[in-house]
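Engineer: sequence? don't have it. structure:
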Ligand SMILES: NC(=O)c1ccc[n+]([C@@H]2O[C@H](COP(=O)([O-])OP(=O)(O)OC[C@H]3O[C@@H](n4cnc5c(N)ncnc54)[C@H](O)[C@@H]3O)[C@@H](O)[C@H]2O)c1
């Protein structure tokens, strides 16, 4: 694997995943600049703040569709655009970012939880479909990190406090923890790994849901455990 150069030398291109013409232009540019592609990292998610804050039963039809299109269907479009370029290299690695509001309900994640469920299904189907061409498809299921998108999710601070208090590793994850796993998934170290959801979450996915504890944190109580 090549080492990345100076950040000033990185190539940046616009891409709106709801607009096929920008996706086509992006992959044409990649073809002319690099001829092929080794890895694709999908770290895209969007839902209207209103649809995150409404009860699940009240998510609007348009809001549900928008969250699905931007956060889940985009993986299909990007994977099918990337696959021919990865074929040029004899294979590749596609990595997506997800959040475990899928196996268990996380209050406040609503429309995005539905989109992440669809994204995770996509990981398995694409892994089967693209495996013949040695293209591997995996997702990293990350613990809560403060970012612009995450600030739209109600209760993020409570989730972070809860992680620190009760997760097996008693510590919140950092963006570097996600990056390290992405490097592993992009490299030949993971050459036989595909179709997986890899948890980088301090181990919280092994715990039974403790929603009562999260609510206590939200209301400012210092005690954990529900
Ligand atoms: N922050 C967390 O706690 C957390 C936890 C688990 C998973 N994730 C996932 O990590 C990924 C990155 O999110 P983040 O938290 O770093 O927030 P972020 O705001 O930094 O990233 C979201 C990205 O989505 C892009 N995006 C939104 N609409 C788009 C569109 N139509 N076309 C192209 N790009 C579009 C934005 O430009 C932005 O770069 C997301 O998939 C998110 O669900 C985040």
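Structural biologist: Everything's here; your move. Model, not experiment: these values are computed from the prediction.

Engineer: Any stretches of this protein with poor pLDDT?
Structural biologist: Applying pLDDT under 70 to the chain flags the ranges 1-2, 209-226.

Engineer: Quick check: residues of it near the ligand?
Structural biologist: Listed as neighbours of the ligand in the chain under the rule CB under 6 Å from any ligand atom: 15-18, 43-46, 70, 97-99, 142, 144-145, 147-150. Heads up, the C-betas are built off the backbone N, CA and C, glycines and all.

Engineer: Would you show me how to pick out the buried ones of those residues in PyMOL?
Structural biologist: Filtering those down to the buried ones (16 or more other CB atoms under 10 Å) takes a single PyMOL command:
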select buried, resi 15+17+44+45+46+70+97+98+99+142+144+145
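
Engineer: among the residues of the chain next to the ligand, which are in strands?
Structural biologist: If you go by DSSP state E, these have 97-98, 142 in strands.

Engineer: Out of those, flag the one nearest to residue 166.
Structural biologist: Ranked by distance to residue 166 (CB to CB), those are led by residue 142 at 17.4 Å.

Engineer: in this structure, which spans are helices?
Structural biologist: 20-34, 49-53, 61-68, 74-87, 110-130, 156-166, 175-186, 211-218 (DSSP state H).

Engineer: tell me the angle of the first one relative to helix 74-87?
Structural biologist: This means helix 20-34. Orientation of helix 20-34 against helix 74-87 (axes from the mean of the first three to the mean of the last three CA atoms, to 10 degrees) gives an angle of 20 degrees.
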